[in-house]
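# curious how this folds, go ahead:
(one chain, ligands or ions: 1)
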Amino acid sequence: MKTYHTNNERLVKRVFQDVFDKYDFMNDLMSFGVHRLWKKSFIDWLNPQNSTKLIDVASGTGDIPKLFLKKINNTGKVYCVDENKEMLNLSKKKFYNIKNISWYCNNAEKLPFKDNYFDYYTISFGIRNVENIDKALHEAYRVLKPGGRFLCLEFSKVRNEILNKFYKVYSKSLPALGKFVVGKSEPYEYLINSIERFYTQDEFSEQILNQKFSNISYRNLSAGIAAIHSAWKV
Ligand code: SAM
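Presented below is the predicted three-dimensional model:
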């Protein structure tokens, strides 16, 4: 890729500190609620089994843990990891009455868990923000059990030229929307730049393959505006 990630950790932290309290609202507004459908497809494809352990990295306000626990009738356990305390605090508030969930303020590049521990590793709209993606993928592989599954939801590339033109025009309006709603345009400039610089679907598959994962595949969502990558530790 496109090395946007070099030395940008502090920028990323600042971005999420700036928007955390409006994060959920802006997600709904900017995507017209479609991110909810994408996340539902994500969990449907994961198809988790009862009594399994999930690590959700860059977990944010907890959308993926919520869908996961619902899908397995609260029988398993979720470990939410995020480097931003404020985002984790919002997640904690949502799950105040749930026991089988815990939170860790850590970087995706160095996870505080032993090897071969989790059945599933998920990361949704997080990998693009990580400074060293190879390190994060290496950690994902390490903490998964043999037979465990990696699933990543991320913005990707639209291949239809006409649609892409509309999408680009729409994206350009987001900083102004951010300024109007949150009072800041910079986080939304970061958002569109980071999407622009992120891998294509095939480049990201290659990146995952480089970290020893097997059976890599992906599904496009909304014509490639987002994509889900799936891989297994065998
Ligand atoms: N997963 C949630 C979702 O799908 O709504 C939140 C996604 S939000 C766009 C990205 C999250 O990644 C933020 O909460 C941010 O703090 C976190 N993040 C960014 N870089 C990270 C890193 N290197 N390690 C852990 N978390 C990170």
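# list the contacts of the nearest residue to residue 163 once chain neighbours are set aside.
Leaving aside its sequence neighbours, residue 163 sits nearest to residue 223 (CB to CB, 6 or more residues apart in numbering; 5.6 Å). The way it works is simple: take the backbone N, C-alpha and C, and place the C-beta from them, glycine included. Counting by CB atoms under 8 Å, 6 or more residues apart in numbering, residue 223 makes contact with 158-160, 163.
# closest one of those residues to the ligand?
residue 158 (19.0 Å; CB to the nearest ligand atom).
# thinking again about what came up before, check the residue nearest to residue 163 and give its pLDDT.
Model confidence at residue 223, given as pLDDT, is 95.
# buried ones in whichever strand or helix holds residue 88?
For residue 88, the host element (DSSP states H and E) is helix 85-94. Of all the residues in helix 85-94, those buried under the rule 16 or more other CB atoms under 10 Å are 87-88, 90-92.
# using neighbour counts, give me the buried entries of the contacts of residue 223.
residue 158.
# can you give me the helices for the protein?
Using DSSP state H, the helices of the chain run over residues 9-19, 23-31, 34-46, 63-71, 85-94, 133-143, 161-172, 174-181, 186-197, 201-209.
# any chance of those in a markdown table, plus mean pLDDT?
What follows is those, written out as a markdown table (pLDDT from 0 to 100):
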| stretch | mean pLDDT |
| --- | --- |
| helix 9-19 | 76 |
| helix 23-31 | 89 |
| helix 34-46 | 97 |
| helix 63-71 | 97 |
| helix 85-94 | 94 |
| helix 133-143 | 98 |
| helix 161-172 | 93 |
| helix 174-181 | 91 |
| helix 186-197 | 92 |
| helix 201-209 | 98 |
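# for the ligand, what's its nearest residue on the chain.
For the chain, the residue closest to the ligand is residue 60, as judged by CB to the nearest ligand atom, at 2.4 Å.
# so what's that residue closest to, chain neighbours aside?
Nearest non-adjacent residue to residue 60 (CB to CB, 6+ apart): residue 87, at 4.9 Å.
# the one you found against residue 22, yeah?
No - between residue 87 and residue 22 there is no contact under CB atoms under 8 Å: 11.8 Å.
# residues of this structure that sit close to the ligand?
Contact residues, the chain versus the ligand (CB under 6 Å from any ligand atom): 12, 16, 58-60, 63-64, 82-84, 87, 107-109, 124-126, 129-130.
# got the contact list for the residue most central in space within the chain?
The residue lying closest to the centre of the chain (CA atoms, centre = their mean) is residue 124, at 1.8 Å. In this structure, residue 124 makes contact with 39, 42, 56, 58, 60, 63-64, 152-154, judged by CB under 8 Å, 6+ apart.
# could I get the pLDDT score of it?
Model confidence at residue 124 (pLDDT) stands at 98.
# ok, what's across the strand from it?
residue 153 (DSSP bridges).
# what about the spatially closest residue to residue 108 that is not a sequence neighbour, how many residues close to it?
Nearest residue to residue 108, sequence neighbours excluded (CB to CB, 6+ apart): residue 136, at 4.1 Å. Neighbourhood size, residue 136 [other CB atoms under 10 Å]: 25.
# cool, thanks, signing off.
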